[in-house]
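Colleague: let me see the structure of the following:
(one chain, ligands or ions: 1)
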Amino acid sequence: MLYVFSFIFGSIAGSFLNSVIYRTYTGQSFLIGRSFCPACKKTLKWYELIPVISFLIQRGKCRGCSQKISPIYPLVEIISGLLTVGVVYFSISNCTGMCDKVYFLILRDLFAIYLLVVLFVYDLKWKLVPDKIILPAIGFFLIYNILLYLFNISDISIIDMIVGVLVGGGFFAAQFWISKGRWVGGGDVRMGALMGVILGWSDIVVALVIAYVLGSFISMFLLLWKKIGLQHRIPFVPFLAVSTLITMYWGEFIVQYYFDLVNILVGI
Ligand SMILES: [Zn+2]
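Modeller: Numbering: from 1, shown residues only. Predicted structure coming up:
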């Protein structure tokens, strides 16, 4: 029951994320104003706003102008629903003792994954990282994690985060500086800083490695399938978003696995 509720909550959140993604780009407020069809500007009725279901009933078309609705919308809703279930499940099953405080962690982690979904889609769609979203988010995690640390709920300290920001932001800032902005963009630098406040300094290195491994595999795949040429620049923030998510939950496990593997190989 809890997980059904989590999925419904997550898909509604996903529907809100869609409007954040779209309206941030067009410069509208996402707090006021009804949702409308981007093609014919028809205001959507309540039954056209039900996550996933409306899309299926309307067969992916606007009821006003029959313009095709991008499948990205229902995908964002489904993925947000599934990720919400995942966060609730992991937080509850990982909690030992003090479980009354786990809600503060769930709240933070949900905010983190919704943010990662927005940044993922935004960069994929428009090859941009919106300052209006990422800068306040960095501030939010900084303050929220300090509070959690003071109340003994989380073990990410302010030092962890500052070093994390220096490592994550600095890693991309150095590349930006060396290449004069050709290899990475300013968005990657801010993304590195965000990862620093979400993960802390120890996990950020894991996340960067995962992002590069994922990035190389997917680029190779796309090159082989001739979807892109060698000159094509693939947006990197989606990889960073995925690697941050993986590291949030499996960072320690991956590091442990890696060292076990190295030990076995060295043993041979
Ligand atoms: Zn329309």
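Colleague: pull the number of nearby residues for Leu31.
Modeller: Neighbour count of Leu31, defined by other C-beta atoms under 10 Å: 9. Backbone N, C-alpha and C define where each C-beta goes, glycine included.
Colleague: in the worst-scoring helix or strand of the chain on mean pLDDT, what counts as buried?
Modeller: When the helices and strands of the chain are compared on mean pLDDT, DSSP states H and E, helix 237-267 comes out lowest with a mean of 88. Residues of helix 237-267 classed as buried under the neighbour-count rule (16 or more other C-beta atoms under 10 Å) are 237-248, 251, 254-255.
Colleague: tell me which strands and helices that helix is in contact with?
Modeller: If you count contacts as 3 or more C-beta pairs under 8 Å, 6 or more residues apart in numbering; DSSP states H and E, helix 237-267 packs onto helix 72-94, helix 102-126, helix 186-224.
Colleague: residues touching the first one, excluding its own?
Modeller: Defining contact as C-beta atoms under 8 Å, 6 or more residues apart in numbering, one finds that helix 72-94 is touched by 2-3, 6-11, 13-15, 17-18, 21, 51-52, 55-56, 99, 102, 105-106, 109-110, 113-114, 117, 121, 125, 245, 249.
Colleague: and which of the buried residues of helix 237-267 is nearest to the ion?
Modeller: Nearest to the ion among the buried residues of helix 237-267: Pro238, at 28.0 Å, using C-beta to the ion.
Colleague: could you chop this structure up by domain?
Modeller: Domain ranges of the chain: 1-94, 130-268, per automatic domain parsing.
Colleague: low-confidence ranges, the stretch 101-250 of the chain, go.
Modeller: 228-232 (pLDDT under 70).
Colleague: looking at it, which residue is nearest the ion?
Modeller: Closest point on the stretch 101-250 of the chain to the ion, by C-beta to the ion, is Lys125, at 19.1 Å.
Colleague: my guess is that residue contacts Asn18, does it?
Modeller: No: applying C-beta atoms under 8 Å, one finds Lys125 not in contact with Asn18, separated by 11.2 Å.
Colleague: these two - which one has more neighbours?
Modeller: Asn18 (24 against 14).
Colleague: name the element that one belongs to?
Modeller: Using DSSP states H and E, Asn18 maps to helix 2-26.
Colleague: and Tyr89, how many neighbours?
Modeller: Tyr89: 13 neighbours (other C-beta under 10 Å).
Colleague: how much space separates it from the ion?
Modeller: Distance check for Tyr89 against the ion: by C-beta to the ion, to the nearest Å, it reads 37 Å.
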